[in-house]
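Novice: Build the 3D model from these lines:
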Amino acid sequence: MPVFDIHSWLGGSIVPGMAQNVEALTSAMQDAGIDRAVIMSAHARLVDPLAGNRLAGAAVERAPNLYACLVGHVNRPESSLNAMRELMPRRRFVALAVLGRSWHEPVSRAQADELLNAYRRYTKPIMVCALDADGVHAALDIARAYPMLRVVMLGMGGRDWRDAVRAAHTATNIILETSGALECPKLVSAVETIGAHRIVFGSWSPHTAAPAAIGMIEDAPISDDAKRRIFWDNAIRLFDLESPPASDEQ
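Specialist: From the prediction side, this is the model:
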């Protein structure tokens, strides 16, 4: 069964050499059995959105099985907007991640408005972190304020995954991403509540071991059809990749 990981990071690992360049990233993907991935730049999150997202753009140009998610930082709006204008028209940039100072600090709608108002011209999804109940509620607020955008909830609420499932049930433009707590029951609950078609696989590698994230889905008591949707079909549809382009310029 093919695997599409929509949440992988270029750089940022505390382990020397891990995910620091395209070669290390694609080698780790091959070892884990991942066929395609969407990468985000740790440099864009931690240092400078424009320079970091350019690094991600250069990386996907060298690897046809990689796509990029542009990282927008709410505390660095000017650099984020410049990166958006330069890079989002490229076909291999498939989404925008709206992030703050830390994974566990929710990004409020007020903080995200400047970036999202500029982003509405694109038909591509957005991603927001939700590693606890506060993050889930912030993501739900954004989803309700921007019903024209598909909102991917990274981390699926962490240990508060029940809140994430309830939020997705109330806002049909929310899509749940499977990283966070490695607990099979959350997949069963999500499939039963919102359907497998609104769940996508993400490993959050290298911060989480990709084989462990894959194993959670493989071990979950859900149908093979649901697993195939989560691992592959839903990402292809979400990013409109039925016929991927030959280069970033298309």
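
Novice: So for the host helix or strand of residue 168, mean pLDDT?
Specialist: Assigning secondary structure by DSSP states H and E places residue 168 in helix 161-170. The average pLDDT within helix 161-170 is 98.

Novice: After it, which helix or strand is next? Please name it.
Specialist: Helix 161-170 is succeeded, C-terminally, by strand 174-177 (DSSP H and E).

Novice: Summarise which helices and strands that following strand is packed against.
Specialist: helix 133-145, strand 151-154, helix 161-170, strand 199-200 (3 or more CB pairs under 8 Å, 6 or more residues apart in numbering; DSSP states H and E). Where C-beta positions appear, they are placed from N, C-alpha and C, glycine not excepted.

Novice: coming back round to it: point out the other elements, helices or strands, that the helix holding residue 168 touches.
Specialist: For helix 161-170, the elements it packs on are helix 133-145, strand 151-154, strand 174-177, helix 184-194, judged by 3+ CB pairs under 8 Å, 6+ apart.

Novice: what does the helix or strand bottoming out on mean pLDDT in the chain rub up against?
Specialist: When each helix and strand of the chain is scored by mean pLDDT, DSSP states H and E, helix 22-32 comes last, with a mean of 92. For helix 22-32, the external contacting residues (CB atoms under 8 Å, 6 or more residues apart in numbering) are 3, 5, 8, 10, 17-19, 35, 37, 39, 59, 62-63, 65-66, 203, 205-206, 210-211, 214.

Novice: For ChimeraX, write a command that selects the buried ones of the residues you listed.
Specialist: Per 16 or more other CB atoms under 10 Å, the buried members of those correspond to this ChimeraX selection:
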select :3,5,8,10,19,37,39,59,63,66,203,205,206,210,211,214
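
Novice: Just the contacts of helix 22-32: which are in strands?
Specialist: Among these, DSSP state E puts 5, 8, 10, 37, 39, 66 in strands.

Novice: so how far is residue 45 from the fifth one?
Specialist: Summarising the geometry, the distance separating residue 39 from residue 45, computed by CB to CB, to the nearest Å, is 12 Å.

Novice: what residues are shared contacts of these two?
Specialist: Shared contacts of residue 39 and residue 45 (CB under 8 Å, 6+ apart): none.

Novice: Rebuild the helices and strands packed on helix 161-170 as CSV, extending it with distance to residue 239, mean neighbour count and mean pLDDT.
Specialist: Converted to CSV, the helices and strands packed on helix 161-170 look like this (distance: least, CB to CB, whole Å; neighbours: other CB atoms under 10 Å; pLDDT from 0 to 100):
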stretch, distance to residue 239, mean neighbour count, mean pLDDT
helix 133-145, 18, 21, 97
strand 151-154, 10, 27, 98
strand 174-177, 11, 25, 98
helix 184-194, 19, 18, 97
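
Novice: so which of the ones you listed comes closest to residue 111?
Specialist: helix 133-145 (8.9 Å; CB to CB).
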